[in-house]
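> Have a look; sequence and predicted model below, questions after that.
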Amino acid sequence: MKILFFLFLCLVLLTGCWDLNLLKELTLTNGVAYDLTKSDDYLVTMEIRALKPSPTGSEPMNEIYHNKSKTIQEGTVNISNQVAGKLKTGKVRIYLLGEDLARKNIFHPFYYVFRDYDSAINSNIAIVNGDANKVLDLKKVGSKLISDHIEQLIKSGEEETLVPKLNIRKMISYIFTSGTDFVIPYLFRSKEGDVELKGVSLIHDQHYTGYNLLGQKASLFMLLSNQFGKFAYFSESIKQHEKQYSVSFKVKDSKSKIVIQPTKTGLKAKVNTTLKVTLTEIPSSVIEGNQQKRDISQQLSQKLTENAQKVVTILQDANSDALGIGYKIKAHYPEIWKNLNWEKDFKTIKIIPNVKVEVIETGIAN
């Protein structure tokens with residue numbers, strides 16, 4: 001009798017999940033783009049995922065919806081009213097920002113997203129040259145749906161040390177941390193409709209600065225900031241036997257450390273980076289022994305140190321402390337930090353990069 005009473009009590013109390021969402025009742029959003037119009041309104045663009053019947057069953061397809069609105073939330077609600085089923089943004093894979101909106105403010109468009117409990121704050125984010133909605137309007141690149149294509153581009157870029165592992169949650173934490181800026185992956189859409197991951201956009205004080213680090217400069221910045229992925233590729237020219245040769249190499253390991261040194265005339269920051277590399281393409285006549293290997297290591301060290309100085313110059317021109325030097329000063333020299341005006345002082349602080357390259361292999365045979 002007691003067992004029956006207990007089971008009856010369980011049936012009464014265990015009423016099930018209050019926030020159950022059946023997949024068949026949902027409309028999933030996989031990609032979102034935000035742009036700023038000429039009238040200073042927002043243009044919200046969403047890629048809605050659907051299934052299309054096919055001889056083999058069904059295959060994924062996407063539909064693109066646009067809405068011009070005064071706020072991001074208004075635009076999202078208006079699109080929700082255009083689609084069948086409950087619009088769910090918890091599966092968004094990529095958020096894209098147009099250049100004009102990113103220059104104005106990169107935090108404000110995500111204020112609503114960050115406060116919505118159902119949003120995917122672990123989604124990737126990227127800045128697009130021109131209007132971001134035009135990228136989603138492509139719908140497909142080859143056989144891949146556009147959001148899948150961009151997500152794979154960014155994932156590959158993270159592994160190749162071209163872009164950082166960045167999502168909305170991490171971006172918000174950067175924004176509210178004083179003494180540091182950050183970078184966002186930069187996508188380029190050509191007139192022919194191709195989409196390419198070019199490098200990173202430099203951010204300062206919640207704004208896109210208009211400066212970008214592209215190609216090898218982006219990878220070098222990633223190494224300087226100690227954000228090494230799985231590998232990185234570089235190509236440089238070296239001199240041997242009075243001749244110039246082009247060599248390509250793969251970074252297999254990287255370590256970087258920023259050292260702050262107070263001086264009589266102010267502060268200086270040393271960025272010491274050590275790379276272990278494998279030569280992947282080089283004329284066979286260049287490598288003749290260990291002495292040549294050491295000579296190549298020295299030349300590559302000099303080349304990358306010169307290029308690192310160019311990266312630092314771009315960072316200071318953009319006034320973007322994406323290396324986090326101010327954060328280091330604040331942590332180790334708080335009294336000095338209190339007397340600094342970092343908005344002005346970052347541009348003038350002496351930053352000395354030093355890249356040391358060690359060639360550990362010269363190909364498969366080694």
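Great, that's in hand. Here the structure is a predicted model, which means the values were calculated and not measured.
> Give the rounded mean pLDDT of the longest helix anywhere in the chain.
Criterion DSSP state H: the longest helix present in the chain is helix 290-318. Across helix 290-318, the average pLDDT comes to 94.
> Same check on stretch 271-279?
96.
> buried residues in it?
Buried residues in stretch 271-279, counted by 16 or more other CB atoms under 10 Å: 271, 273, 274, 275, 276, 277, 278, 279. Quick note: C-beta positions are derived from backbone N, CA and C, even for glycine.
> that older thread, after the longest helix of the chain, which helix or strand is next? Please name it.
Using DSSP states H and E, the helix or strand that follows helix 290-318 in sequence is helix 325-332.
> How about residues contacting the helix or strand following that next one?
For helix 325-332, the succeeding helix or strand toward the C-terminus, using DSSP H and E, is helix 334-338. Helix 334-338 is contacted by residues 179, 262, 267, 326, 329, 330 when judged by CB atoms under 8 Å, 6 or more residues apart in numbering.
> Output these as JSON lines; include the columns distance to residue 353.
As requested, these are exported to JSON lines (distance: CB to CB, whole Å):
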{"residue": "179", "distance to residue 353": "19"}
{"residue": "262", "distance to residue 353": "19"}
{"residue": "267", "distance to residue 353": "16"}
{"residue": "326", "distance to residue 353": "17"}
{"residue": "329", "distance to residue 353": "17"}
{"residue": "330", "distance to residue 353": "21"}
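> For PyMOL, write a command that selects the buried ones of the residues you listed.
Paste this into PyMOL to select the buried members of these, with burial taken from 16+ other CB under 10 Å:
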select buried, resi 179+267+326+329+330
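> circling back to that earlier point, now the angle from the longest helix of the chain to helix 325-332?
Helix 290-318 and helix 325-332 meet at an angle of 90 degrees, taking axes from the mean of the first three to the mean of the last three CA atoms, to 10 degrees as the criterion.
> now, the most widely separated pair of the contacts of helix 334-338?
Within the contacts of helix 334-338, 179 and 262 form the most distant pair, 16.1 Å apart (CB to CB).
> where's residue 254, which helix or strand?
strand 243-263.
> Which strands and helices lie in contact with that strand?
Where contact means 3 or more CB pairs under 8 Å, 6 or more residues apart in numbering; DSSP states H and E, strand 243-263 is packed against helix 216-224, strand 232-240, strand 266-281, helix 290-318, helix 325-332.
> May I see the buried residues of the longest helix of the chain?
Using 16+ other CB under 10 Å as the test for burial, helix 290-318 gives 292-293, 295-297, 299-301, 303-305, 307-308, 311-312, 314-315, 318.
> That one vs helix 216-224, what angle?
Orientation note: helix 290-318 sits at an angle of 100 degrees relative to helix 216-224 (the same axes, to 10 degrees).
> ok, the strand holding residue 254: who's next to it in the sheet?
Taking DSSP bridges as the criterion, strand 243-263 sits next to strand 232-240 (antiparallel), strand 266-281 (antiparallel) in its sheet.
> Nearest to residue 224, out of these?
Of all the strands paired with strand 243-263, strand 266-281 sits nearest to residue 224, with 5.3 Å by CB to CB.
> would CSV of the contacts of helix 334-338 with pLDDT and distance to residue 69 be doable?
Listed next are the contacts of helix 334-338 as CSV, based on pLDDT from 0 to 100; distance: CB to CB, whole Å:
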residue, pLDDT, distance to residue 69
179, 88, 35
262, 89, 51
267, 89, 46
326, 95, 37
329, 94, 42
330, 93, 39
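> could I get the helices and strands packed on strand 243-263 as JSON lines with distance to residue 195?
Output for the helices and strands packed on strand 243-263, formatted as JSON lines (distance: least, CB to CB, whole Å):
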{"stretch": "helix 216-224", "distance to residue 195": "17"}
{"stretch": "strand 232-240", "distance to residue 195": "21"}
{"stretch": "strand 266-281", "distance to residue 195": "27"}
{"stretch": "helix 290-318", "distance to residue 195": "24"}
{"stretch": "helix 325-332", "distance to residue 195": "33"}
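> Count residues in the vicinity of the residue nearest to residue 261 when sequence neighbours are not counted, would you?
Nearest residue to residue 261 in three dimensions, chain neighbours excluded: residue 268, at 5.2 Å (CB to CB, 6 or more residues apart in numbering). Residue 268 is flanked by 14 other residues according to other CB atoms under 10 Å.
> Surely residue 32 is within a strand?
Yes - judged by DSSP: H, G, I helix; E, B strand; the rest coil, residue 32 forms part of a strand.
> gap between it and residue 253?
Per CB to CB, to the nearest Å, residue 32 is found 37 Å from residue 253.
> related to what we said a few turns ago, what packs against the longest helix of the chain?
Using 3+ CB pairs under 8 Å, 6+ apart, helix 290-318 sits against strand 195-204, strand 207-214, helix 216-224, strand 232-240, strand 243-263, strand 266-281, strand 350-361.
> let's see it at 6 Å
In terms of contacts (3 or more CB pairs under 6 Å, 6 or more residues apart in numbering; DSSP states H and E), helix 290-318 is packed against strand 207-214, helix 216-224, strand 232-240, strand 350-361.
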